[in-house]
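Undergrad: sequence below, structure please.
(chains A and B)
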Amino acid sequence: MIECNHVYKQYKNGTNALYDLNISVEQGEFVYIIGPTGSGKSTLIKLLDGEETPTKGDVNVVGINVGKLRPRQVPLYRRNIGVVFQDFRLLRAKTVFENVAYALEVINMKKKPIQKRVGEVLELVGLQSKSASFPNQLSGGQQQRVAIARAIANRPKVLIADEPTGNLDPEKSDEIMDLLEKINARYGTTILMVTHDLTLVNKHRKRTIVLENGHIVADLAEGGYVRHDQ
Amino acid sequence: MISRPLKEGFRGVARHWGMSISAAIAVTITLVMISIFMIFSFNLENFTKDIESSLEISVLVDYDYDSQEQIDRIATELNDIDGVSEVTFSDKEQEFDFYLNSFEDETTRSAFEPFRDDNPMHNAFYLEAKSGSVIESVAEQAKTIEGVDTVSYGGQSTIDLVGAMSSVRKVGFVIVVAMTFLAVMLIQNAIKLTISSRKDEITIMRNVGATNRFIRSPFLIEGIITGILGSIIPIGLSIVGYTYLYRVTGGHMLSNMFNLLAPNPFIYRLAIALVVIGVVVGYIGSWISVTRYLRWKR
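TA: Next up is the predicted model:
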């Protein structure tokens, strides 16, 4: 599902972000990427969703070489993946329903199926009752659940989550984790989650890839992680 | 699928009401200025045309060139002069009647009546020039034709007036063009502000896989709506204001020489022009502003 082969990323200002990164994630896996600030986590996410291109090497997601896409092809590629961000990134001027529907409108789905599908995913994340609310009327946890509903609305094979619990308290974080696990189990969606919340990583154990200064320093299949200096 | 951008466009205007209004106000202010300058310069053009068309060159034929062939020859030669648009012939008799009729009272007329048999008037041609600027050269050329006795026109002061009017008109035109350009800049700036406040929105749309065209189209509709909203007040002001001005002045400025353009159809055409300018500028302004955010974004 996700293949990174000898991926290097150097930014124009000379900053080296990633060195010789090799990652392989199978369909249906749930993988954490952890590491301190500046370890290259965000860069990895940007390479995966097509916002940045690798300096060297190939990034393949759902069989598409993401780094080779032309800018105009990037939106089309993004329809194959769902992305969830730390800051939710909901459209403020649209209701919960419209936010989720937007992701389906862009793929030219008809009105009827859109209504049906939006209803389904809002039920999955437990927010049917909020469908007419605007994002600023919701709590952070609720907003993130809307964002997840939007990300999975068109049934992507891959879900990329960039610090999805970064702005939430532990209780809400647990709720989001349960939701992601549910999606992973029910639909077989491959999930790649970047986080620095070690409590979460140790509680919900999954394969964990550790990044430091742009290098992979550990890839623990059994999950759980304790920092070197502890 | 035209309905989606339309619906989204209207919704966008409604949900960003404050921003839409501020952009529409920028449109309004500039369109009011454009309207004033357009009214000014179109009327000025009309004045100039009126004066130019009233300018006549009279060519009097020598008494010795009385035969029909001579008259025909002179007529052809006059017609051949560059810049002449029309030549009218008026024979001695017509000239005499014309002269006689210039007196109001019957007694004076009857006093001149005996002279009809010994008519002192010349056969005459009246030339209309294509524009005020060629009058002088037409007159010069007419003078050189064999059998032409005297040539006269309104005189140097008339020509100076025409010249002055035409330079004022040119300045007016430059001002209108400059104003339109300024309007585009102002409006584009206002729209840029409304869109830059929605940069995040555009980024999010890209994130969920919307193509540039999909993102852009509602913004273009919003630009058009803004343009239309912004042109309402200028159109109302122009129609009411100009119609009032026309009624109060009776259609004349300063003297009967300066006729104002009749409000119908002039002011309605101007109204259409204002809407079109508003719409086009709104569309272009939105296009430039959205594209700026889309281009560098992968």
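
Undergrad: any idea where the strands of the chain begin and end?
TA: This is for chain A. A:2-10, A:16-25, A:30-34, A:56-61, A:64-65, A:81-84, A:158-162, A:190-195, A:207-212, A:215-220 (DSSP state E).

Undergrad: hmm, I had chain B in mind actually
TA: B:56-61, B:84-90, B:124-129, B:148-152, B:252-253, B:258-259.

Undergrad: reformat these as JSON lines; add mean pLDDT, mean neighbour count and distance to chain A.
TA: All C-beta atoms are positioned from the backbone trio N, CA, C, and that covers glycine. Formatted as JSON lines, these follow (pLDDT from 0 to 100; neighbours: other C-beta atoms under 10 Å in any protein chain shown; distance: least, C-beta to the nearest C-beta, whole Å):
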{"stretch": "strand B:56-61", "mean pLDDT": "84", "mean neighbour count": "20", "distance to chain A": "67"}
{"stretch": "strand B:84-90", "mean pLDDT": "82", "mean neighbour count": "15", "distance to chain A": "58"}
{"stretch": "strand B:124-129", "mean pLDDT": "83", "mean neighbour count": "20", "distance to chain A": "60"}
{"stretch": "strand B:148-152", "mean pLDDT": "84", "mean neighbour count": "16", "distance to chain A": "72"}
{"stretch": "strand B:252-253", "mean pLDDT": "74", "mean neighbour count": "13", "distance to chain A": "51"}
{"stretch": "strand B:258-259", "mean pLDDT": "75", "mean neighbour count": "16", "distance to chain A": "53"}
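
Undergrad: which one of the ones you listed lies closest to residue B:97?
TA: Using C-beta to C-beta as the criterion, the shortest distance between residue B:97 and the strands of chain B is 9.5 Å, found for strand B:84-90.

Undergrad: tell me what that closest one is packed against?
TA: Counting contacts by 3 or more C-beta pairs under 8 Å, 6 or more residues apart in numbering or on different chains; DSSP states H and E, strand B:84-90 packs against helix B:68-80, strand B:124-129.

Undergrad: strands paired with that strand, and their directions?
TA: Each strand that strand B:84-90 pairs with, and the sense of that pairing, follows from DSSP bridges: strand B:124-129 (antiparallel).

Undergrad: now the angle between strand B:148-152 and the partner strand, please.
TA: 50 degrees (axes from the mean of the first three to the mean of the last three C-alpha atoms, to 10 degrees).

Undergrad: contacts for strand B:124-129, please.
TA: Where contact means C-beta atoms under 8 Å, 6 or more residues apart in numbering or on different chains, the residues beyond strand B:124-129 that reach it are B:52-53, B:55-61, B:74-75, B:78, B:81, B:83-90, B:95, B:135, B:138, B:142.

Undergrad: number of residues surrounding residue A:159?
TA: Counted with other C-beta atoms under 10 Å in any protein chain shown, the neighbours of residue A:159 add up to 23.

Undergrad: distance check, it against residue A:184.
TA: Separation of residue A:159 from residue A:184 (C-beta to C-beta, to the nearest Å) stands at 8 Å.

Undergrad: any common contacting residues for these two?
TA: Where contact means C-beta under 8 Å, 6+ apart, the residues bridging residue A:159 and residue A:184 through contact with each are A:190-191.

Undergrad: taking strand A:158-162 as reference, get the angle to the helix ranked longest in chain A.
TA: Using DSSP state H to assign secondary structure, the helix with the most residues in chain A is helix A:170-187. In terms of direction (the same axes, to 10 degrees), helix A:170-187 departs from strand A:158-162 by 170 degrees.

Undergrad: now for helix A:170-187, which elements pack on it?
TA: Using 3+ C-beta pairs under 8 Å, 6+ apart as the contact criterion, the elements in contact with helix A:170-187 are strand A:30-34, helix A:111-124, helix A:140-152, strand A:158-162, strand A:190-195, helix A:198-203.

Undergrad: of the helices and strands packed on strand B:84-90, which is nearest residue A:118?
TA: Set against residue A:118 and scored by C-beta to C-beta, the helices and strands packed on strand B:84-90 come closest in strand B:124-129, at 74.9 Å.

Undergrad: output the closest one as CSV, nothing but the C-alphas.
TA: What follows is strand B:124-129 as a C-alpha-only set of coordinates in CSV (Å, rounded to 0.1, in the frame of the first residue of the first chain):
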residue,chain,number,x,y,z
ALA,B,124,-23.8,79.4,-54.4
PHE,B,125,-22.5,76.1,-53.1
TYR,B,126,-22.6,75.0,-49.5
LEU,B,127,-20.0,72.5,-48.4
GLU,B,128,-20.1,70.3,-45.3
ALA,B,129,-16.7,69.2,-44.0
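
Undergrad: for residue A:194, give me the pLDDT.
TA: The score at residue A:194 is 93. That number is its pLDDT.

Undergrad: you'd agree it is up against residue A:41?
TA: Yes - Residue A:194 sits in contact with residue A:41 when judged by C-beta atoms under 8 Å, with a separation of 4.7 Å.

Undergrad: tell me, what's touching those two both at once?
TA: Each of A:33-34, A:162 lies in contact with both residue A:194 and residue A:41 under the rule C-beta under 8 Å, 6+ apart.
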